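Student: The following block contains a protein sequence and its predicted model.
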Amino acid sequence: MSFNSLGLSEALLKAIEKQGYTSPSPIQQKAIPVILSGKDILASAQTGTGKTAGFTLPMLQILAQGQQLRHRPIRALVLVPTRELAAQVHTNVKSYSEFLDIRSTVIFGGVNQKPQVSTIRNGVDILIATPGRLLDLQNQGLLSLAKVEILVLDEADRMLDMGFLRDIKKILSLMPTRRQNLLFSATFSKEIKNLANDFLHHPVLVEATPENSTVDAIEQKVYRVAKELKTGLIIKLISEGNWKQVLVFTRTKHGANKLCKKMESAGISAAAIHGNKNQGARTKALAGFKNNSTRVLVATDIAARGLDIPLLPHVINFELPNVAEDYIHRIGRTGRAGASGEALSLVSADETSYLRDIEKLVGEKLPVEIVPGFEPDPNASTEPIKQGQGGGGNRNRNPKSNATPKSEAGRGNSSSKPRPNRNRNRNRNNRSKD
Ligand code: AMP
């Protein structure tokens, strides 16, 4: 199938050609015609499937064909959970709209609001935003959503995980009821289905990959290893494999920093990306990783969400996530665009139950390897790691607590009141804080 058959305009086809895309990805094939027909969609798609172009291309076409008002009110809103994803989506929107008279901008917290406000004041057709900053500016009367025709909720599952449900509902109430809604989510939990029921009108269900399945091109392997030997093992694997671009996941910010330092001492260039880093540091870390000056990027789940790192050959779980679905998000960073990838997990005794949950979710037993000299500890307890223990630093000390995970989407420097996490999913509330 080619892009020509999807009903997209010449200006969009030209932009697509410039990107070098030859054929639409499965989610694009399915979503683009439905969105062009004006219907709401409920789409299951992970990062790396081309979902951004899947909603951006038809959205641009609809906006370009619609009535252009002189003062350019915001006609399309793309809500995303994190700053990184916001910046990425905006980059994509800009490239795809290169040959159209469409203006877009991005707003997120953690940076000065002034330039954002003045761009909006000059008129933008598309606004990409994280919920916190959007509401901040709206509360200050600096933007209006009264003319929004198209709403995209991108990575809706992660937005709920981050406790944004209340903000999303507030934002929905600020828009005209007659609009087109596009909801994208990697997983369909009960909460996502409830949200979809609340605001989508007869949505068309679009699925690019079967729910909760891992990508076939990814080779997965488990190394059983004693907890205290993990650092040595990961350094050995990266050095001996001479791997140049490795994304490593830890459960906590503290763990990410610690591992980074150990890598550096072993002569492997590494950078950490997590919620305690400011925007400048995160952007720099990601840029260094993308241009190959940093070999290893150590990330926590929330920070890594939405990162666009094409053709990533290696993902290593230094620790397994305690929420099995995060495993799928993590390893979805490899094997993109048909390229093969490898996802390795270093698993100690106390992670046995997490491994079992993951295997249940992906529907297969993962092959296990033991590296001589890095054997598992036969005497170690298989009790799951308690929150707040095991060098985790600032983990949630009460697993049952409803504490709100601190948002990385940046509640901005102002109005950062803690909000209750409305997400009732027990597993998710038990998630380690990033
Ligand atoms: P996304 O899932 O939107 O994060 O996209 C993942 C990556 O795929 C991005 O780097 C896009 O530039 C790229 N991409 C999107 N659509 C296509 C396509 N049809 N062919 C090749 N690459 C694509």
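Tutor: Okay, I see it. Residues are numbered from 1 along each chain as shown.

Student: Just to be sure, L143 is in a strand?
Tutor: No: counting by DSSP: H, G, I helix; E, B strand; the rest coil, L143 is located in no strand; its state is coil.

Student: In terms of helices and strands, where is the residue lying farthest from the centre of the chain?
Tutor: Residue farthest from the centre of the chain, counting by CA atoms, centre = their mean, is N379 at 37.5 Å. Using DSSP states H and E, N379 sits within no helix or strand.

Student: how much space between it and R224?
Tutor: 14 Å (CB to CB, to the nearest Å). Quick note: C-beta positions are derived from backbone N, CA and C, even for glycine.

Student: before we move on, what about P313?
Tutor: Per CB to CB, P313 is found 23 Å from R224.

Student: If you count surrounding residues, which of these two has more?
Tutor: R224 (20 against 17; other CB atoms under 10 Å).

Student: okay, now the closest residue to the more buried one other than its chain neighbours: neighbour count?
Tutor: Nearest in space to R224, with sequence neighbours left out and distances taken as CB to CB, 6 or more residues apart in numbering, is P376 at 4.4 Å. When neighbours are counted by other CB under 10 Å, P376 registers 18.

Student: cool, and L247?
Tutor: Close neighbours of L247, defined as other CB under 10 Å, add up to 24.

Student: Just the strands from the stretch 1-150 of the chain, written as ranges.
Tutor: 41-44, 76-79, 104-107, 126-129, 150-153 (DSSP state E, counting those that start in this stretch).

Student: could those strands go into CSV alongside mean neighbour count and distance to F188?
Tutor: Supplementary listing: the strands of the stretch 1-150 of the chain in CSV, determined by neighbours: other CB atoms under 10 Å; distance: least, CB to CB, whole Å:
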stretch, mean neighbour count, distance to F188
strand 41-44, 24, 6
strand 76-79, 26, 18
strand 104-107, 24, 27
strand 126-129, 26, 24
strand 150-153, 25, 13
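
Student: Quick one: those as TSV, columns for mean pLDDT and distance to the ligand too.
Tutor: Shown next, in TSV, are the strands of the stretch 1-150 of the chain (pLDDT from 0 to 100; distance: least, CB to the nearest ligand atom, whole Å):
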stretch	mean pLDDT	distance to the ligand
strand 41-44	93	11
strand 76-79	98	12
strand 104-107	98	15
strand 126-129	98	13
strand 150-153	98	12
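
Student: Tabulate these in CSV, adding columns for distance to E10.
Tutor: Formatted as CSV, the strands of the stretch 1-150 of the chain follow (distance: least, CB to CB, whole Å):
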stretch, distance to E10
strand 41-44, 25
strand 76-79, 21
strand 104-107, 20
strand 126-129, 20
strand 150-153, 21
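
Student: So for P131, what's the nearest residue that isn't a sequence neighbour?
Tutor: D167 (3.9 Å).

Student: Repeat that for I27.
Tutor: A208 (3.6 Å).

Student: how many neighbours does that neighbour have?
Tutor: By other CB under 10 Å, neighbour count at A208 equals 20.

Student: quick one: pLDDT of it?
Tutor: Here the pLDDT value assigned to A208 is 72.

Student: how near is it to L183?
Tutor: Counting by CB to CB, the gap from A208 to L183 is 14 Å.

Student: Give the intersection of the neighbour lists for the two.
Tutor: A43 (CB atoms under 8 Å, 6 or more residues apart in numbering).

Student: For T352, pull up the helix or strand it's in.
Tutor: helix 352-362.

Student: packing partners for that helix?
Tutor: The helices and strands touching helix 352-362, judged by 3 or more CB pairs under 8 Å, 6 or more residues apart in numbering; DSSP states H and E, are helix 324-331, strand 341-347.

Student: what angle separates that helix from strand 341-347?
Tutor: 150 degrees (axes from the mean of the first three to the mean of the last three CA atoms, to 10 degrees).

Student: one step back: what secondary structure does the residue nearest to R224 sit in?
Tutor: Per three-state DSSP, the secondary structure class of P376 is coil.

Student: and the stretch 1-150 of the chain, which residues reach the ligand?
Tutor: Within the stretch 1-150 of the chain, the residues that sit near the ligand (CB under 6 Å from any ligand atom) are Y21, P24, S25, Q28, T47, G48, T49, G50, K51, T52, A53.

Student: Just give me the neighbour total for the second one.
Tutor: What it means is P24. Neighbours of P24 (other CB under 10 Å): 23.

Student: So it is in contact with L6, correct?
Tutor: Yes: assessed by CB atoms under 8 Å, P24 is found in contact with L6 at 6.3 Å.

Student: Now do the same contact list for Q46.
Tutor: With contact set as CB under 8 Å, 6+ apart, Q46 has these partners: A186, A208, T209, I328, H329, G332.

Student: How about S353?
Tutor: S353 makes contact with T382, P384, according to CB under 8 Å, 6+ apart.

Student: go on, H90?
Tutor: Neighbours of H90 in contact, by CB under 8 Å, 6+ apart: S104, T105, V106, I128.

Student: Just list whatever residues bridge to the first one.
Tutor: Taking DSSP bridges, one finds I126 as the beta-bridge partners of S104.

Student: can you tell me which residues contact it?
Tutor: H90, V93, K94, S97, V124, D125, I126, L127, I128.

Student: what about 6 Å?
Tutor: V93, V124, I126 (CB atoms under 6 Å, 6 or more residues apart in numbering).

Student: now do the second one
Tutor: When contacts are counted by CB under 6 Å, 6+ apart, T105 is found next to T119, V124.

Student: repeat for the last one
Tutor: Residues touching I128, when contacts are defined by CB under 6 Å, 6+ apart, comprise V78, A86, V89, H90, V106.
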